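Asker: Next come a sequence and a model predicted from it.
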Amino acid sequence: MKIGIVGLPNVGKSTLFNAITKAGAQSANYPFCTIEPNVGVVSVPDYRLDKLVALYNSEKTVPTAIEFFDIAGLVKGASKGEGLGNKFLANIREVDAIAHVVRCFEDTNIVHVDGKVDPTRDLETINLELIFSDLEVLERRIQKTSKNAKSGNKGDKVELEILIKIKEILEGGKFASEKNFDEDEWEIIKSLQLLTTKPVLYIANVSEEDVASEDNEMVKALKEYVKDEGSEVIKICASIEEEISQFEPEEKEEFLRELGLSESGLDKVIKSGYKLLGLITYITAGPKEVRAWTITEGTKAPQAAGKIHTDFERGFIRAEITPYEKLMEAGSDVKAKELGWTRVEGKDYEVKDGDVILFRFNV
Ligand SMILES: Nc1ncnc2c1ncn2[C@@H]1O[C@H](COP(=O)(O)OP(=O)(O)OP(=O)(O)O)[C@@H](O)[C@H]1O
Ligand SMILES: [Mg+2]
């Protein structure tokens, strides 16, 4: 899973990214310090893995991971080549979701590209650039498709209709995701990698003082603004996240507790990203390793097995499934079997979050 971090310059993207990866991407108090997109990988926190490691006395644990892309700041006119615009936009076409960082902290020492902190204006600026950029992609495709459609190809005519529909939506200042695409339409537009079809998570970056207290006016305005989109707004303080990213787990917990927070902002971002993309986790567990696997909700057992190896999917026979809670309650897989809590499922079974699975296959 890939998430691209976007936002205006100097809003805290690299700070958040640093927290995510400790990779030391440059973060400095001037716009455009991030020139190349930086890629960072973070493991998805899952308490169940540690419990299973203890149960099986496993040698190692392998959590699932999310890739984050730190992308240079977008400014007004980016889609027309202002700032680092086009390069930036090309970099986010490949991500699965967008984390849009919006500055919700005042600090006269930290320059704002438009002179004043104003979350909804900032958000509009970025969203418009995404729309403009998609319009350009669409125009190009429409030209090509309409040429082909003239030669009477039915498929091209259908495609052209859909493209024009999306264009109208974008021209109305809305995201392409406004439209519910059916499967055939999605087949066509998927290849366009439109930015405005990607799920978005808004990250309100607030000051240290504001992170544990009630929403400040800027966060309130932001939430009000995106209410109708149904998008989630997550309040974090990027600079705190960066600070605690180096801490040991106990130290981190202590620190968060003192601040009055129950979990780190980063964990919140990861969890919401997961949910946003409809992802769930199943687990394979044994003395050698405990491992988490990411699948989309609704994935059937053979395709889930295919995540491990294509042979597992090709030669799939059955899946032996014990839900995590049941396995822990039983105290061992032998006991879980005795109690009849381990089920045998076939190729039509939809894997659930927290299923601990042993796949049987034959190739
Ligand atoms: N929540 C916060 N409170 C106070 N200062 C912050 C907060 N988050 C980030 N900063 C500070 O804001 C400045 C800009 O942050 P950062 O470099 O992460 O921005 P950026 O979005 O990556 O910018 P660019 O697009 O130019 O790369 C840094 O000095 C950083 O320490
Ligand atoms: Mg940066």
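Answerer: Perfect, I can see it now. Ligands and ions are numbered 1, 2, ... in the order given.

Asker: Do a quick rundown of the strands in the chain.
Answerer: 2-6, 38-43, 60-62, 65-70, 97-103, 200-205, 232-236, 279-285, 289-296, 316-323, 343-345, 355-361 (DSSP state E).

Asker: for those strands, which one sits closest to residue 261?
Answerer: strand 232-236 (9.6 Å; C-beta to C-beta). C-beta: built from backbone N, CA, C; applies to glycine.

Asker: Does that closest one reach ligand 1?
Answerer: No. Judged by C-beta under 6 Å from any ligand atom, strand 232-236 and ligand 1 are separated, with a smallest distance of 7.8 Å.

Asker: which neighbours does that strand have in its sheet, and in what orientation?
Answerer: strand 200-205 (parallel) (DSSP bridges).

Asker: The strand it pairs with to strand 97-103, inter-axis angle?
Answerer: 30 degrees (axes from the mean of the first three to the mean of the last three C-alpha atoms, to 10 degrees).

Asker: tilt between strand 200-205 and strand 2-6?
Answerer: Using the same axes, to 10 degrees: strand 200-205 against strand 2-6 is 50 degrees.

Asker: What about contact with ligand 1: does strand 200-205 have any residue there?
Answerer: Yes. Strand 200-205 reaches ligand 1 (C-beta under 6 Å from any ligand atom) through residue 205.

Asker: Pull the residues that contact that strand.
Answerer: Residues outside strand 200-205 that contact it (C-beta atoms under 8 Å, 6 or more residues apart in numbering) are 3, 11-12, 15-16, 97-105, 119, 123, 218-219, 222, 226, 229, 231-238, 269, 272-273, 276.

Asker: go again using 6 Å as the cut-off
Answerer: 12, 98-104, 219, 222, 226, 231-235, 238, 272, 276 (C-beta atoms under 6 Å, 6 or more residues apart in numbering).

Asker: just the helices in the stretch 151-300 of the chain please.
Answerer: Assigned by DSSP state H, counting those that start in this stretch, the stretch 151-300 of the chain shows helices spanning 154-171, 183-190, 217-226, 238-244, 249-259, 265-276.

Asker: by contact count, what packs against the shortest one?
Answerer: Helices and strands touching helix 238-244, by 3 or more C-beta pairs under 6 Å, 6 or more residues apart in numbering; DSSP states H and E, are helix 13-21.

Asker: Point out the other helices and strands that the helix it packs on packs with.
Answerer: Against helix 13-21 (3+ C-beta pairs under 6 Å, 6+ apart) you get strand 38-43, strand 65-70, helix 238-244.

Asker: in the first one, what counts as buried?
Answerer: Put plainly, it is strand 38-43. Neighbour-count burial for strand 38-43 flags 38, 40, 42 (criterion: 16 or more other C-beta atoms under 10 Å).

Asker: Turn these into a markdown table, columns for distance to residue 177.
Answerer: As requested, the buried residues of strand 38-43 are exported to a markdown table (distance: C-beta to C-beta, whole Å):
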| residue | distance to residue 177 |
| --- | --- |
| 38 | 26 |
| 40 | 26 |
| 42 | 25 |
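
Asker: Looking at those, which is nearest ligand 1?
Answerer: residue 38 (9.8 Å; C-beta to the nearest ligand atom).

Asker: That closest one pairs with what?
Answerer: In beta-bridge terms (that is, DSSP bridges), residue 38 pairs with residue 70.

Asker: Low-confidence stretches in the chain?
Answerer: Scanning the chain for pLDDT under 70 picks out the ranges 22-37, 72-88.

Asker: Now do the domain split for it, please.
Answerer: Each domain of the chain is listed here as a residue range: 2-45+64-116+198-276, 137-196, 298-361, per automatic domain parsing.

Asker: I'd like those domains as TSV, with distance to residue 292 appended.
Answerer: TSV is the format used below for the domains of the chain (distance: least, C-beta to C-beta, whole Å):
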stretch	distance to residue 292
domain 2-45+64-116+198-276	5
domain 137-196	27
domain 298-361	10
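
Asker: Out of these, the one nearest residue 56 is which?
Answerer: domain 298-361 (8.3 Å).

Asker: How many neighbouring residues does the residue in the stretch 101-250 of the chain positioned nearest to ligand 2 have?
Answerer: When scored by C-beta to the ion, the stretch 101-250 of the chain has residue 101 as its residue closest to ligand 2, at 9.7 Å. Using other C-beta atoms under 10 Å, residue 101 has 27 neighbouring residues.

Asker: I figured it was touching residue 8, is that so?
Answerer: No. The pair residue 101 / residue 8 is not scored as a contact, 8.4 Å apart, by C-beta atoms under 6 Å.

Asker: can you count the residues close to residue 208?
Answerer: Counted with other C-beta under 10 Å, residue 208 comes out at 12.

Asker: Thanks a lot, catch you later.
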